[in-house]
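1. next one to model:
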Amino acid sequence: MKHVVMLESNTSGSGFRAIREARDSGHEITFVTRDVTHYTRKDPRVRSMLDCAHEILETETNDIPALVDEMRRLETRRPVHGVMTYGDYYTEAVARVAVALDLPGPDPEAVAVARNKHRSRVSLAHLPFTPAFEITTRPEHVPGALRRVGLPCVVKPVDRNSGGDVRKVATEQEAVEHASRIFTAGRNARGQEASKVALFEEFIEGSEYSVETFGGGATIAVIGVTTKELVGHPHFVEAEHLFPAPLPAEAENEAIACVLKALYEIGLTFGPAHTEVKLTPCGPRIIEINPRLGGNLIPDLVRLATGFDLGRTLLLATTGEPVDLSVTRSRVAGIRFLTADRAGVLTSYAINENIEQIPGLESWSITAAPGRPVSPPTDNNHYLGHVIATAETAGGVVAALDAAAAAIDLQIEECA
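-> Prediction:
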């Protein structure tokens, strides 16, 4: 039995399932958080999964030096064999704790570069798959940034996740207005001070994908490529994923080659990475590098399609165990997210009684409670639910997702 620290988590449920699965495989888990109610107040079901933890330790997780000291104190009570997270904002903290406790983990500096969208752009600026970019911290500097990247362009914060405050702008006025939102940001949902730096990027036309990889410390294995269907213009909201992506071999190889080049360049060679890339007539372009497992239940799609369990692989690598990257089956899996098409209040929902008979449907979930205000999505935090399906082909998956989404009727009362 090994003792593993889980430092914070996402709120989609995959992190808490990882705690339960780790317990079921014989490990002890200490869940470390600055505020356990951040999870339990959003979904009471999380409480039962948190009960799988051997210990819940509440301490300040946003102060890395203090956190390292607390983890050293924890280790004097019970040796720690691994530390991991399912929380995007805590990947650097985990890397630095791992170094301090002499545990397996990624290079903290590589994680810091990947987590900061401007630093990652600077690190890869000499490579042909990096779009033009510029940063600003004041409204009067916006025109200069636009001269560098052109219009239309994408304006985003350098340190946010889930597509938060990422927007395509078409005019200088739109650029100033949106950048000003970033300049005046306060704290994020985790209580961390948000960076007030706006990143301006050349807008790239093309289909978007993500490349899922897992590094062993020296070499990086490619798990596969995922489609990313986007909605919410001028925002970039992920509406649907398919794994593996139905791509021609040449296009897939181009995407993989540029992602591996980027990961080796910044030194992110241990553990999972979820790298977003667009394919254009002029070749692939890196959009973002995320030093973590893919969100939006992409690890579930990988497991359903291939039998390969990314979460278990992360646990094994974190505790210094050998990992097996082989797959046991070859299917296609997909997820579609349910969102509001208008502003209002979700009053109720109805599920067609035949939904469970849809061929290929794996699961469905409504994550929004009736009474919740809703609106068309502007980021990935606006989902009301999802459906997941598998099939032998991408077309079969899409047909199942279409049927399942049509079987769920979300009743929205528009605001007066």
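
2. tell me which residues are up against stretch 171-186.
-> 136-139, 142-143, 145-146, 151, 153, 155-157, 165, 167, 169, 193-198, 200 (Cβ atoms under 8 Å, 6 or more residues apart in numbering). No exception for glycine: its C-beta is placed from N, CA and C like everyone else's.

3. how far does it sit from the chain's center?
-> Distance of stretch 171-186 from the chain centroid (Cα atoms, centre = their mean, to the nearest Å) equals 24 Å.

4. tell me where the stretch 101-250 of the chain has helices.
-> Per DSSP state H, counting those that start in this stretch, the stretch 101-250 of the chain carries helices over the ranges 108-115, 117-123, 142-149, 172-183, 249-266.

5. minimum distance to residue 73: which of the ones you listed has it?
-> When the helices of the stretch 101-250 of the chain are compared by Cβ to Cβ, helix 108-115 sits nearest residue 73, at 20.5 Å.

6. quick one: buried residues of the closest one?
-> Along helix 108-115, these residues count as buried under the neighbour rule (16 or more other Cβ atoms under 10 Å): 108, 110-115.

7. tell me which residues are up against it.
-> 88, 91-92, 95-96, 99, 119-120, 123, 159, 266-269, 273, 289-291.

8. which among these end up buried?
-> The buried subset of the contacts of helix 108-115 - by 16+ other Cβ under 10 Å - is 88, 91-92, 95-96, 119-120, 123, 159, 266-269, 273, 289-291.

9. can you pull the phi and psi angles for residue 188?
-> phi -80, psi -180 (degrees, to the nearest 10).

10. wait, it touches residue 162, no?
-> No: Residue 188 lies out of contact with residue 162 (Cβ atoms under 8 Å); the separation is 10.4 Å.

11. quick check, central residue of this structure?
-> What sits nearest the mean C-alpha location of the chain, by Cα atoms, centre = their mean, is residue 295, with 3.3 Å.

12. surely that residue touches residue 11?
-> No: with contact defined as Cβ under 8 Å, residue 295 does not reach residue 11; the gap is 10.4 Å.

13. out of the helices of the stretch 101-250 of the chain, which is closest to residue 348?
-> helix 172-183 (33.6 Å).

14. tell me the average confidence for the closest one?
-> Mean pLDDT, helix 172-183: 96.

15. could you dump that helix to PDB, C-alpha only?
-> This file holds the C-alpha atoms of helix 172-183, laid out as PDB (Å, rounded to 0.1, in the frame of the first residue of the first chain):
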ATOM      1  CA  GLU A 172      -9.900  47.800 -32.000                       C
ATOM      2  CA  GLN A 173     -12.800  48.900 -29.800                       C
ATOM      3  CA  GLU A 174     -13.700  45.300 -29.100                       C
ATOM      4  CA  ALA A 175     -10.100  44.500 -28.400                       C
ATOM      5  CA  VAL A 176      -9.800  47.400 -25.900                       C
ATOM      6  CA  GLU A 177     -13.100  46.500 -24.200                       C
ATOM      7  CA  HIS A 178     -12.200  42.800 -23.800                       C
ATOM      8  CA  ALA A 179      -8.600  43.500 -22.700                       C
ATOM      9  CA  SER A 180      -9.900  45.900 -20.100                       C
ATOM     10  CA  ARG A 181     -11.900  43.000 -18.500                       C
ATOM     11  CA  ILE A 182      -8.600  41.100 -18.100                       C
ATOM     12  CA  PHE A 183      -6.700  44.200 -16.800                       C
END
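
16. buried sites along it?
-> For helix 172-183, the buried set under the neighbour-count rule, 16+ other Cβ under 10 Å, comprises 174-176, 178-179, 182-183.

17. out of those, the closest to residue 259 would be?
-> residue 182 (26.9 Å).

18. rewinding a little: okay, the buried residues of helix 108-115 in JSON lines with distance to residue 218 and pLDDT next?
-> Shown next, in JSON lines, are those (distance: Cβ to Cβ, whole Å; pLDDT from 0 to 100):
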{"residue": "108", "distance to residue 218": "18", "pLDDT": "98"}
{"residue": "110", "distance to residue 218": "14", "pLDDT": "98"}
{"residue": "111", "distance to residue 218": "17", "pLDDT": "98"}
{"residue": "112", "distance to residue 218": "21", "pLDDT": "97"}
{"residue": "113", "distance to residue 218": "19", "pLDDT": "98"}
{"residue": "114", "distance to residue 218": "18", "pLDDT": "97"}
{"residue": "115", "distance to residue 218": "22", "pLDDT": "96"}
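
19. which one of those residues is nearest residue 393?
-> Closest approach between the buried residues of helix 108-115 and residue 393, by Cβ to Cβ: residue 114, at 33.8 Å.

20. state the mean pLDDT of the host helix or strand of residue 75.
-> Under the criterion of DSSP states H and E, residue 75 resides in helix 64-77. On average, the pLDDT along helix 64-77 is 96.

21. how is this structure carved up into domains?
-> 3-103, 132-202, 204-327, 331-416 (automatic domain parsing).

22. so which of the contacts of helix 108-115 are in strands?
-> 273, 289-290 (DSSP state E).

23. how about these in CSV, adding pLDDT and distance to residue 402?
-> Below are those laid out as CSV (pLDDT from 0 to 100; distance: Cβ to Cβ, whole Å):
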residue, pLDDT, distance to residue 402
273, 97, 31
289, 97, 32
290, 96, 29
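
24. show me which of these is closest to residue 365.
-> Closest to residue 365, out of all of the ones in strands among the contacts of helix 108-115 and judged by Cβ to Cβ, is residue 290, at 23.3 Å.
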